[in-house]
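In: Fold the following, please.
(one chain, ligands or ions: 1)
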Amino acid sequence: MQEFIAGLPKAELHVHHVGSASPQTVAALAARHEGTSPVPADADKLAEYFTFTDFAHFVQVYLSVVDLIRDAEDVRTLTAGIAADLAGQNVRYAELTVTPWSSVRRGIPAEAFCEAIEDVRVTAARDLGLQLRWVFDIPGEAGLEAAENTLRIALDQRPDGLISFGLGGPEIGVPRPQFKPYFDAARAAGLHSVPHAGETSDAQSMWDAIHELGAERIGHGIRAVQDPELVAYLAEHQIPLEVCPTSNVCTRAVASLAEHPLPQLVAAGVQLSINTDDPPMFSTWLNKEYAVAAELLGLDERGVADLARAAVRQSFASEADKSALLAEIEAYSHAV
Ligand SMILES: O=c1[nH]cnc2c1ncn2[C@@H]1O[C@H](CO)[C@@H](O)[C@H]1O
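Out: Have a look, this model is predicted:
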């Protein structure tokens, strides 16, 4: 099964930019900025640093790594490393959640930031056979100022790879409805709406994401299981969830993999994709998440290939790219 998963062409729909920095990249950046950061400059010490006591602690650690990205060259190095890692998992298409405001606020000009990620997008397509697309997300803990600036960067820069508008960070104490005007403007400009909701907060946060923010897919959304009406709504209206099983255990959003609601969601007919979220921070990678999902759902190879197909269908890739990737999955499934 592991071999089958490794060779399977895949799409990833929920993976964060800075959260995908490899331990080597993080350690190198920490060494470069030694004395100004709490992040260990030794890759071997990062596993301990990336052990989270709760979601708030996770966000705090995440932001300490964000703080290490200080110029456009850092952005380029980070993004190129991520592209190589994704390609190494046989990912052919990824929607990467990027938080430009965190870096622009830190002093990187928006234009240089966008140029750096776009350069990597172009070379990844050419050299790695990997299509990258961007989700620009609001770091929710930074409030409306962050929303305003994320929207401004998205609309002013409008990099070619930008397809969606998101909302990340903590949910508790960060009600979704306040972000409605920014999502309205982003959607009016043609961006898709993909907020996080129902990761650490309750089903109401997901209703808000749907009704107020026009969510077309929801980041995480696992708390839907608390509300049968919501589960039925997601299934009926085909609003897919971007599920990240290991992440939920590492941030303590769920107590253990055994208690993960993935099987209940699938049984209820909710569409979903399997993703990593922040792979090195959770000691995971996409092939491992597929194996975790196969185990939780009792899937055979055909079932795993269906998971890969679902991610492609739920993506915002062009119809031509979707067809091409679906055909690749089909050919691979028949060949093995
Ligand atoms: O699992 C997650 N949930 C919410 N936000 C996350 C997650 N992983 C990474 N981020 C990132 O946390 C930062 C602070 O708001 C944002 O940059 C968001 O993209």
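In: would you say residue 132 is within a helix?
Out: No: according to DSSP: H, G, I helix; E, B strand; the rest coil, the state of residue 132 is strand, so it is not within a helix.
In: any low-confidence regions in the stretch 201-336 of the chain?
Out: For the stretch 201-336 of the chain, applying pLDDT under 70 flags no range at all.
In: Return the residues of it in contact with the ligand.
Out: 247, 277-278 (C-beta under 6 Å from any ligand atom). All C-beta atoms are positioned from the backbone trio N, CA, C, and that covers glycine.
In: Compare those and tell me which is most surrounded.
Out: When those are compared by neighbour count (other C-beta atoms under 10 Å), residue 277 ends up highest, at 28 neighbours.
In: my guess is it meets residue 17, correct?
Out: No: look at residue 277 against residue 17 with C-beta atoms under 8 Å: they stay out of range, at 11.6 Å.
In: So what's the residue count around residue 128?
Out: Quick note: residue 128 (other C-beta under 10 Å) scores 18 neighbours.
In: So it is in contact with residue 83, correct?
Out: Yes: counting by C-beta under 8 Å, residue 128 touches residue 83, with 6.0 Å between them.
In: before we move on, the earlier item: give me the subset of the residues of the stretch 201-336 of the chain next to the ligand lying in helices.
Out: When DSSP state H is applied, these are split such that residue 247 fall in helices.
In: Arrange the residues of the stretch 201-336 of the chain next to the ligand in a markdown table, one row each, with distance to residue 142 as further columns.
Out: Formatted as a markdown table, these follow (distance: C-beta to C-beta, whole Å):
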| residue | distance to residue 142 |
| --- | --- |
| 247 | 21 |
| 277 | 19 |
| 278 | 18 |
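In: how far does stretch 310-325 stretch from start to finish?
Out: 11 Å (C-alpha to C-alpha, to the nearest Å).
In: Buried residues of it, list them for me.
Out: 310-312, 314-317, 321-322, 324-325 (16 or more other C-beta atoms under 10 Å).
In: Export those to TSV and append columns for secondary structure.
Out: Shown next, in TSV, are the buried residues of stretch 310-325 (three-state DSSP):
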residue	secondary structure
310	helix
311	helix
312	helix
314	helix
315	coil
316	coil
317	coil
321	helix
322	helix
324	helix
325	helix
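In: As CSV, those residues with distance to residue 266 would be great.
Out: Formatted as CSV, the buried residues of stretch 310-325 follow (distance: C-beta to C-beta, whole Å):
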residue, distance to residue 266
310, 10
311, 14
312, 17
314, 14
315, 19
316, 22
317, 23
321, 26
322, 22
324, 26
325, 22
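In: from these, which is closest to residue 192?
Out: Taking C-beta to C-beta as the measure, residue 192 lies nearest residue 316 of the buried residues of stretch 310-325, at 5.3 Å.
In: quick one, what contacts that closest one?
Out: Applying C-beta atoms under 8 Å, 6 or more residues apart in numbering to residue 316 gives the contacts 95, 133, 163-164, 192.
In: how near is it to the ligand?
Out: 18 Å (C-beta to the nearest ligand atom, to the nearest Å).
In: May I have the phi/psi pair for that residue?
Out: phi -100, psi 30 (degrees, to the nearest 10).
In: what does residue 192 give?
Out: phi -80, psi 160.
In: And residue 218, by the same measure?
Out: As for residue 218, its main-chain torsions (degrees, to the nearest 10) stand at phi -120, psi 130.
In: could you list every residue that touches it?
Out: 194-198, 206, 209-210, 234, 239-242.
In: Cross the residues you listed against helices and list the overlap.
Out: Those of the contacts of residue 218 lying in helices (DSSP H): 206, 209-210, 234.
In: Now rank the residues you listed by neighbours and give me the top one.
Out: Ranked by neighbours (other C-beta under 10 Å), the ones in helices among the contacts of residue 218 are led by residue 206, which has 31 neighbours.
In: now it: how far from residue 128?
Out: 35 Å (C-beta to C-beta, to the nearest Å).
In: now do residue 92
Out: Taken as C-beta to C-beta, the span from residue 92 to residue 128 is 9 Å.
In: Touching both of these two, which residues are there?
Out: Common neighbours of residue 92 and residue 128, using C-beta under 8 Å, 6+ apart, do not exist here.
In: Backbone dihedrals for whichever residue of the stretch 101-250 of the chain sits closest to the ligand, please?
Out: The stretch 101-250 of the chain approaches the ligand most closely through residue 169 (2.5 Å), counting by C-beta to the nearest ligand atom. Dihedral angles of residue 169 (phi, psi; degrees, to the nearest 10) stand at phi 80, psi -160.
In: residue contacts, it?
Out: With contact taken as C-beta under 8 Å, 6+ apart, residue 169 is in contact with 59, 138-142, 196.
In: Okay, and which of those residues map to helices?
Out: Short answer: the contacts of residue 169 in helices (DSSP H) are residue 59.
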